[in-house]
Structure formats: structure tokens, C-alpha cells
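Student: take a look and give me a structure for this.
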Amino acid sequence: MARSVVVLARARDYKLPELRTAVGKALSLLGGLERFIPKGAKVFVKVNLLPPPSPPERAIITHPVFTEAVLSLLREVTPHIVVGDDVHNPQSFELGGYTEMCRRLGVELLNLRERGFEEVQLNGSALRSVFLAKAVREAEAVVNLPKLKTHALTTFTGAVKNLYGVIPAGLRTRFHGEHPKPQAFAQVLVDIFSAVRPTLTVMDGIVAMEGAGPANGTPRTLGLIIASPDAVAVDAVAQAIIGLAPLRVWTTRLAHERGLGTGDLREIEILGERLEDVRARDFRLPPAAGELVGRFGPLTRWATRHLQAQPKVIQARCVSCGACVRACPTGAAQFREKKAWIDKKKCIRCMCCHEACRYDAIALKLDPFGRFFRAAERWVYRDRR
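Tutor: Residues are numbered from 1 along each chain as shown. Have a look, this model is predicted:
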């Protein structure tokens, strides 16, 4: 069986000329862009524009200059390019720097809901059908440009989870409510990924996010581009860089077990930089159940509950924007005396409220048992991180 190939390339910052050269070198190590994108093909480029609107400096979204570097190379192969994501507010494109960039390049920028979605049948573990964006269905090749970030529910968000954005926002909220546990939700993510299977993935790891991702963590400079036709392998290598064991991250493990890509580092050939040379020491993970859960097998329902962080509103920072209330699938997030408040009895810890808040007003808190477990996890894996 042929090994998956992943390229690790360095890029110091988001300066377009140098970044374009670095992306070009990475793709040349994979055999060149035309190996994956036929001349004149219709290409859909999936970026990460996690709503609500965010500037690129916060490391929440795929940086527009990173996307521009990839697009400038794609335009040498085909003029038929659509860049998009499903966003609640069109200001996401403007504030994120995409509107001006795509206009300058002459590339179509699309809010996926504007063209609509169509139902497709799945042979999934959790889903039998799902609505996918028509722009994705119409494309002859999908290029995946995820951001390297942590995630409060799934521990890591990257190439596989980036495809969650090609389904309608209402379904995304519903699936969070119906599949609140990390493993169950990961099954949903992998089912959707199986219906898209990007032709090429190029991950923005130049400035990543550590801590309480995917929206309220801290930018962390890694200076890396990670590229491969195997999106699962991209995630696996990225996870290894930040100190995670890939097969203990549910999305990677499940996709690997289903033959949708390679999550085992022993089966991945890494070109360019050496993995050992780019590992990020002391990379902060989110306050949620991590690797030891996978290591020691199934836990009781009680223990799992304690190992999941509880979102809590910091009243002094809440500006009463209502983003958390609109995002909550169960009605746990609500207003009380003009400030947001979370009903613990209704909360399923899907972290939608945490993702939606742009004012750092929702903290993730572990109870004493969870804090003890997380400290033990750091101790066990301190040498690898």
C-alpha cells in the first residue's frame, strides 16, 4: 500500500511574495499543482471563515494572504475558481480581507447559502443523508485551506473539520445538539468529509491558535505550511506538531479506520522539513478531555461529564450581542438581566456559544476532577510536548 505524502514547508509570515514562493515549493514537492487540478477545471476553494466576522490577526480564519498565495498559483492552471464558506454575516468577507483580495484577483467569492444546497445520500456512521453546498457539488476539484487551531469540543480543528462549513448553518447547529459527545460529533464530521474528499489540502499553520480555540484561543506563530492530497494525513502531521497523538483525536482516528485517509504517522512520508525540527513545545491545548481518554478506553458517563469543560459567561465582558443565544442549539444560552447566562441543566457542552462569542466573554471551566485529570495528562505527555 502506497504511503501518504505530506509536505512541511516553512514560511515566516504573511508577506505575499515569500509566501507564494513557499507554497509553490511545497506543491512542487508533491508533483506540482497540475497533478491534482486539471487544466481549466472548475475548482472550489474552501476557506475557514468561522462566523461571526473576525479580522485575520486573531488567527480565527484562514489568512487572506495565505489564500491569495494559493489562488495566484491556481489561476495559472484554471480561471474557473470559486472561493467560499457558509457565513451568517457577509461582513465576514469584508473584515476577513477576502472581498478586496478576491476582487483584485478576479476570483468569485461566494457565501454558500446564496447558491443553495442539495441533499446527497451517505453511507455514514451517523448520517444517512446531508445537504451539501451546490458550489461544492458542481466543482471538479475541491481545494481545502484550513487553519491550524485547537477546538474546545474536538480538541483539534483542521482539514477534516473545515468541511463542516459546506452544510447549512441550521444543520450544523442541529448536529451539535443531536451529537453532543466528542466521539459522536466526530462521526458526523467524518461522514460529511467522506462526501467531499478534497483533491488537495494546504493548511495555514503560519500563525496557529492554541488554548481555547477555535475562536477564543491565543495566536501562536509556527511558521508552517502543511500540504497533501490526503487531508487526514495533513491533520495527523499537524496534530503531531502540537503534541497530540493523531490516532487519539477522534476525527483522525475515525477517518483513518474508515479508509478515508492516513492518520498513522508510521504510514506517512514527510517531505521538506523534518517533523522533529518543527514540533511546537508547550503548545497549549483547550481545557477539555484530551489524549488520556483515548488511551485508557471508554469512561463512565459520569467521568466523561467531568472531563468536559463547562462554558461560563464572564459578566464583565458580556456586551449582550446575543451571538451565543442565537448559536445555542438547546436554549441553554439566554439573557438574564440584559446579560448572557447559561443554564447548566440544558447545556450539552457543544461549545457553540464559545465559538460564537468574539468578546472573550465565555470561559471554559473544568471542575476539580477535570483539572486534576488534565494536570495528569500534561505530566504523562510532557516529554512529547
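Student: residues contacting the residue nearest to residue 121 when sequence neighbours are not counted?
Tutor: Spatial nearest neighbour of residue 121, chain neighbours left out: residue 129 (5.1 Å); criterion: Cβ to Cβ, 6 or more residues apart in numbering. Every C-beta, even on glycine, is put in place using the N, C-alpha and C of the backbone. By Cβ atoms under 8 Å, 6 or more residues apart in numbering, the contact set of residue 129 is 119-122.
Student: residue 261 now?
Tutor: Neighbours of residue 261 in contact, by Cβ under 8 Å, 6+ apart: 4, 230-233, 255.
Student: repeat that for residue 180.
Tutor: With Cβ under 8 Å, 6+ apart, residue 180 has these contacts: 348-350.
Student: TSV for these, including secondary structure, distance to residue 199 and pLDDT?
Tutor: Listed next are those as TSV, based on DSSP: H, G, I helix; E, B strand; the rest coil; distance: Cβ to Cβ, whole Å; pLDDT from 0 to 100:
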residue	secondary structure	distance to residue 199	pLDDT
348	coil	35	71
349	coil	35	75
350	coil	31	72
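Student: please point out which parts of stretch 214-228 sit buried.
Tutor: Neighbour-count burial for stretch 214-228 flags 214-217, 220, 222-228 (criterion: 16 or more other Cβ atoms under 10 Å).
Student: pLDDT value on residue 17, please?
Tutor: Listed pLDDT for residue 17 reads 97.
Student: so which bits of the host helix or strand of it are buried?
Tutor: If you go by DSSP states H and E, residue 17 is part of helix 16-29. Neighbour counts using 16+ other Cβ under 10 Å place 19-20, 22-27, 29 of helix 16-29 among the buried residues.
Student: ChimeraX command for the buried members of the contacts of residue 129?
Tutor: Buried subset of these, written as a ChimeraX selection, criterion 16+ other Cβ under 10 Å:
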select :122
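Student: circling back to that earlier point, distance to residue 283 added to the buried residues of helix 16-29, as CSV?
Tutor: Putting these into CSV (distance: Cβ to Cβ, whole Å) gives the following:
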residue, distance to residue 283
19, 22
20, 27
22, 22
23, 23
24, 28
25, 25
26, 22
27, 26
29, 25
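Student: just these now: which is nearest residue 138?
Tutor: Nearest to residue 138 among those is residue 27, at 24.0 Å by Cβ to Cβ.
Student: sorry, back to before: can you pick the most crowded of the contacts of residue 180?
Tutor: The residue in those with the most neighbours, by other Cβ atoms under 10 Å, is residue 350 (27 neighbours).
Student: so residue 102 touches residue 83, yeah?
Tutor: Yes: Residue 102 lies in contact with residue 83 (Cβ atoms under 8 Å); the separation is 5.8 Å.
Student: between these two, what contacts are shared?
Tutor: Common neighbours of residue 102 and residue 83, using Cβ under 8 Å, 6+ apart, are 71, 108-109.
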